[in-house]
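# Here's my sequence, what's the structure:
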Amino acid sequence: MDISSLTSISGLGSTTSIDAASKLTDALYGSADKADGNMFESFLNTAIENINTTNSYLSDAEDEEIKFALGEIENTHDLTIALEKASTALQYTVAIRDKVLDAYKELMQMQI
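Okay, the predicted model is just below:
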C-alpha cells in the first residue's frame, strides 16, 4: 500500500503543525527549562526578600530598645510593636527554613 496519499491529510504529512504548536506552547508557557529557572529564581528572590525584611524588623527593634534605654522615647507602644514585629518575622522565617530543610531531607531519602 502506498502511504504517499496520506500526506495530503492536513497535519499528518508535515511537521509545520507540530512546529507551530510547539512555538505556541513555548510562547504561552515558556520552555520547560525557562519555566523551571524562572520558578526557582522567583522562589529564591522571595526568600531573600523575606530574610531582608526580617533583618530590617530585628534592626528596628534593636534601635527602639536602645532609644528606650537611653530615655530618648517615652512611648513604650512603639517599642512593643517593634519587638512583636521582629519576633513574628523571625518565627515565620525559622518555620519556613524548617519546612525547606524537611523537604530537602525527604528528597534525599527518596529511592530512585
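# what helices or strands is the longest helix seen in the chain leaning on?
When every helix of the chain is counted residue by residue (DSSP state H), the longest turns out to be helix 32-70. Helices and strands in packing contact with helix 32-70 are listed as helix 76-108; criterion 3 or more CB pairs under 8 Å, 6 or more residues apart in numbering; DSSP states H and E. Every residue, glycine included, has its C-beta placed from N, CA and C.
# Quick check: which helices or strands does the helix it packs on pack against?
If you count contacts as 3+ CB pairs under 8 Å, 6+ apart, helix 76-108 packs onto helix 32-70.
# What average pLDDT does stretch 71-84 get?
Within the predicted structure, the mean pLDDT of stretch 71-84 is 91.
# Let's verify residue 111: helix, strand, or coil?
Three-state assignment for residue 111 (DSSP: H, G, I helix; E, B strand; the rest coil): coil.
# So it versus residue 59, what's the distance?
Taking CB to CB, to the nearest Å as the measure, residue 111 falls 45 Å from residue 59.
# mind checking which helix or strand of the protein has the lowest mean pLDDT?
helix 16-29 (a mean of 51; mean pLDDT, DSSP states H and E).
# which residues does the closest residue to residue 83 other than its chain neighbours contact?
For residue 83, ignoring the flanking residues on the chain, the nearest one in space by CB to CB, 6 or more residues apart in numbering is residue 61 at 5.0 Å. Residues near residue 61 by CB atoms under 8 Å, 6 or more residues apart in numbering: 82-83, 85-86.
# And these, which two are furthest apart?
In the contacts of residue 61, two members sit farther apart than any others by CB to CB. They are 83 and 85, at 7.3 Å.
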